[in-house]
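> need a structure here:
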Amino acid sequence: MAHKLGIFPASGGLGGSTLSHLLDLVPGNEVVLVARSPEKLYKEEAAGAIVRQADYDNAQTLDHAFDGISSLNLISYASIQNEHRFTVHKAAIDAARKSGVKHIFYSSLAFAGDGDLNTKAQVMLAHLATEKYLAQLHAQDPQFTYTVVRQGLYSESFPLYTAFFDLKAPSNEIRIPHNGSAPGLAWAKQDELGEATAKLIAQHARDPAAFPYLNNTILLSGPRAWSLNETADVFSRVLKMPIKVRQVHVDEYVKQQQVQNGLTYGGGNWAPLWATAFDGIRDGECAAVTPNLARILGREPEPFETTIRNMLST
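Have a look, this model is predicted:
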């Protein structure tokens with residue numbers, strides 16, 4: 001492998017899972033880890049990885065952060081502030097290309113189904129803009145290639161879709177602007193998404209020309225879609241108490257204290273915008289199921305209920 005494989009940001013949840021599995025597949029000295037807090041990656045640096053500092057929110061730090069990297073896994077900026085999110089994605093992509101990056105694996109999100117380019121969910125808009133930008137760059141320069149990896153909705157992220165339901169302090173009712181019925185969400189364990197992404201990166205590195213997802217989108221979903229009512233039923237079984245979904249108006253949803261606490265940051269209350277996710281769920285944007293995750297892992301993905309039980313025991 002003549003060139004380096006990069007991950008940015010490398011110290012978050014998905015990035016951490018991806019790098020952990022990637023280091024099982026390739027030598028450490030072939031990996032460049034770029035993170036806002038590089039000191040968190042001391043173990044990986046000791047294993048031979050190159051560690052650099054860069055921050056989405058400081059464009060100057062992106063200059064030369066990706067030097068020597070041939071294939072970069074760009075993980076999305078965590079925000080639902082659509083315009084800012086796309087702006088920082090674009091800056092990172094432009095910096096990567098300036099540094100000579102030839103291929104970008106963009107970790108997108110599993111709204112908008114299996115490759116669709118339309119969404120009702122605010123959280124997906126910057127992803128779609130980033131996907132479109134990568135396609136435009138390839139059209140302008142065919143030597144630059146990309147792969148969009150639409151990451152399934154993390155099983156561990158269920159609080160975002162259940163009014164911040166807390167396994168350790170449960171209530172009997174989940175009040176959301178949705179009636180809980182199908183179509184649902186194809187939950188997937190975060191670490192398995194990281195593992196599959198690492199395997200895709202390593203596969204591309206071995207033979208880029210033969211990689212089946214050049215300039216294309218792959219959806220990594222869980223093995224089945226769970227309605228929000230079924231999700232609540234899992235909580236009921238695990239916690240041994242009745243838990244139900246109750247549909248409420250958006251205004252009532254956003255006034256809940258735990259929702260305000262979870263979705264207020266940076267001087268703004270983003271709960272009303274986040275509530276558009278339920279419109280996307282209602283339209284089936286999160287219900288698409290593909291065999292890709294199981295095929296790449298070489299095993300059946302961990303069931304949602306197993307992940308929830310394990311979360312409760314930790």
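
> would Glu252 count as being in a helix?
Yes: according to DSSP: H, G, I helix; E, B strand; the rest coil, Glu252 belongs to a helix.

> Who are the contact partners of Phe105?
The neighbours of Phe105, taking Cβ atoms under 8 Å, 6 or more residues apart in numbering as the test, are 71-74, 146-147, 149, 197, 200-201, 204. From N, CA and C alone the C-beta is placed, and that goes for glycine too.

> do that again at 6 Å, thanks
Neighbour list for Phe105: 73, 147, 149, 201 [criterion: Cβ atoms under 6 Å, 6 or more residues apart in numbering].

> count of residues packed around Pro183?
Pro183: 16 surrounding residues under other Cβ atoms under 10 Å.

> counting contacts, what elements does the helix ranked longest in the chain pack onto?
For the chain, the longest helix by residue count, based on DSSP state H, is helix 122-140. On a contact count with 3 or more Cβ pairs under 6 Å, 6 or more residues apart in numbering; DSSP states H and E, helix 122-140 meets helix 82-98, strand 103-109.

> ok, and what's touching that helix?
80, 82, 85-86, 89, 108-109, 111-112, 117, 144, 146, 148, 215, 273, 276-277.

> what do you get for stretch 158-170?
Against stretch 158-170 from outside (Cβ under 6 Å, 6+ apart): 174-176, 239, 256, 258-259, 262, 312.

> residue boundaries of the helices in this structure?
Taking DSSP H as the criterion, the chain carries its helices at 13-22, 42-46, 82-98, 122-140, 190-206, 228-239, 250-255, 257-263, 271-274, 276-282, 292-297, 304-313.

> Dump those helices to JSON lines, plus mean pLDDT.
Output for the helices of the chain, formatted as JSON lines (pLDDT from 0 to 100):
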{"stretch": "helix 13-22", "mean pLDDT": "96"}
{"stretch": "helix 42-46", "mean pLDDT": "94"}
{"stretch": "helix 82-98", "mean pLDDT": "97"}
{"stretch": "helix 122-140", "mean pLDDT": "98"}
{"stretch": "helix 190-206", "mean pLDDT": "98"}
{"stretch": "helix 228-239", "mean pLDDT": "99"}
{"stretch": "helix 250-255", "mean pLDDT": "96"}
{"stretch": "helix 257-263", "mean pLDDT": "91"}
{"stretch": "helix 271-274", "mean pLDDT": "93"}
{"stretch": "helix 276-282", "mean pLDDT": "98"}
{"stretch": "helix 292-297", "mean pLDDT": "98"}
{"stretch": "helix 304-313", "mean pLDDT": "96"}
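
> For Tyr154, which of the ones you listed is the nearest?
For these, the distance to Tyr154 is smallest for helix 190-206, at 4.4 Å, taking Cβ to Cβ.

> orientation of the closest one relative to helix 304-313 in degrees?
120 degrees (axes from the mean of the first three to the mean of the last three Cα atoms, to 10 degrees).

> count of neighbours near the nearest residue to Gln53 once chain neighbours are set aside?
Spatial nearest neighbour of Gln53, excluding adjacent residues (Cβ to Cβ, 6 or more residues apart in numbering): Pro38 at 4.7 Å. For Pro38, the neighbour count with other Cβ under 10 Å is 17.
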